[in-house]
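Enquirer: When you get a sec, could you give me coordinates for this:
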Amino acid sequence: MTSNPYINVLITAVEAVLFIIVTSYLLASLARFIVKKTGATRKKQENTFAGYLFAAPWIVGFLIFVIVPMGFSLYWSFTDYRIASPEPTRWVNFENYSNLILKDQGFRASIVNTLYLTVIGLPLQMAVALFLAVLLNQKTRGERVFRMAFYLPVILGFNTAVLLCWRLMLNTGTGIINQLIRAMSNAFPPFGYLNRALIFVQEMISAFFLGISNGKFNLLTKVWEAGFPAANRVPLWVQSPLWTKMSVILLIAWGCGAMMLIFLAGLNNVPKELHEAAEVDGANGWQRFWKISFPLLTPYIFYNLVVGLISMLQIFEPIFVLYRDNQPIVPSAISMVYYLWQASFRHFEIGYGSAISWLVLLLIMAVTVVQFKMQDRWVTYDLY
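Expert: The predicted structure is shown next:
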């Protein structure tokens, strides 16, 4: 290689293109050879060659960047492989898995935190998405503007810049969210009482789950003994272990735009004749939604539930950006994937991290299979 970095980049790009062309041709030729051996016609051989030639870049990329790394990961999960260790890698059988399941308190805490985020965050995200979809389904002026505004969080995503903005907005003293809460509490006292009640309930629930994670319920006792919050209390979004998970849930609900579009498509597919007939019979808006629209939305709810659950079990970015430099409160928000990142890329325990990744994969597969097995009990496909 030359010393000029631009020439090096150009040479690497040319090599990558040549590699794609050569591997695509070889894979297509192999497919044509296999079809030829089965006695296929010349036209079918040509069609097979053309099809695999165009699909080969994706197939080769999938093999190189997915299948091969998965194979190495599965092998490493049965070893004590450490990047920074001078010792040779040893085969440890199921020791990594047994330590994770039976001994590792940190991994158990990450499971509890992930389940908390999933059980509370996912239903809230789906409820907000459905509520927005119902609002946008009403034909009003500025409908396209509102659709764009509600979908904008999906376009922005959980990138670092956006999450850092959220971190500033969630600041206890100067964040705009707490400033709005203070202003509304002063202007409308009943809102202040409601805010304090929600703070007390949230802190009790979080303290209970933290007690499950570490086996100590001292924090729950302190919250109970402190009693109803004072009049000037606001949520300690990114400053207290009692609020870390709720901060992440707030971000999850904010990014519900993709689910909203799925629900909106489902609402548009509900036959208008059913609503018109129910309206003639005297049904009000809520009755029409609950008895007609909601049952017909169950396929869309099921899709969002499956995709959302997989996403929640792999949540990483909000926790990493909001709390990575605040180690005292990281254990209160750490998820399974964040724990995987810590083991693999902070402690360089590749074998242990690989075992975590396969346990997460098995958990996601098990939950998904259960969902598909149970869909016949509540999902309605009659009109689809």
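
Enquirer: and residue 113, how far is that from residue 306?
Expert: Here residue 113 is placed at a distance of 22 Å from residue 306 (Cβ to Cβ, to the nearest Å). From N, CA and C alone the C-beta is placed, and that goes for glycine too.

Enquirer: With neighbour numbers in mind, choose between these two.
Expert: residue 113 (27 against 15; other Cβ atoms under 10 Å).

Enquirer: For the host helix or strand of residue 339, buried residues please.
Expert: Element membership for residue 339 (DSSP states H and E) is helix 336-341. Buried positions in helix 336-341, judged by neighbour count with 16 or more other Cβ atoms under 10 Å: 336, 337, 338, 339, 340, 341.

Enquirer: which strands and helices sit next to that helix?
Expert: Applying 3 or more Cβ pairs under 8 Å, 6 or more residues apart in numbering; DSSP states H and E, one finds that helix 336-341 contacts helix 105-116, helix 317-323, helix 350-374.

Enquirer: and of those helices, who's closest to residue 16?
Expert: helix 350-374 (26.4 Å; Cβ to Cβ).

Enquirer: For this structure, which helix or strand comes out least confident on mean pLDDT?
Expert: helix 143-156 (a mean of 83; mean pLDDT, DSSP states H and E).

Enquirer: Let me see the contact set for residue 297.
Expert: 130, 263, 266, 267, 270 (Cβ atoms under 8 Å, 6 or more residues apart in numbering).

Enquirer: Which of these fall in helices?
Expert: Counted as lying in helices by DSSP state H, out of the contacts of residue 297, are 130, 263, 266, 267.

Enquirer: Now flag whichever of the residues you listed is closest to residue 254.
Expert: Using Cβ to Cβ, residue 130 is the member of the ones in helices among the contacts of residue 297 that sits closest to residue 254, with 15.3 Å.

Enquirer: What residues does the closest one make contact with?
Expert: Counting by Cβ under 8 Å, 6+ apart, residue 130 touches 259, 260, 263, 297, 301.

Enquirer: mind putting those residues in TSV, secondary structure and distance to residue 176 included?
Expert: Listed next are the contacts of residue 130 as TSV, based on DSSP: H, G, I helix; E, B strand; the rest coil; distance: Cβ to Cβ, whole Å:
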residue	secondary structure	distance to residue 176
259	helix	25
260	helix	24
263	helix	29
297	coil	34
301	helix	33
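
Enquirer: Quick one: buried ones out of those residues?
Expert: Looks like these have 259, 260, 263, 297, 301 buried, using 16+ other Cβ under 10 Å.

Enquirer: My understanding was that the first one contacts residue 304; is that so?
Expert: I take that to be residue 259. Yes: under the criterion of Cβ atoms under 8 Å, residue 259 makes contact with residue 304 at 4.7 Å.

Enquirer: any shared contact partners between these two?
Expert: Shared contacts of residue 259 and residue 304, defined by Cβ under 8 Å, 6+ apart, comprise 126, 129.
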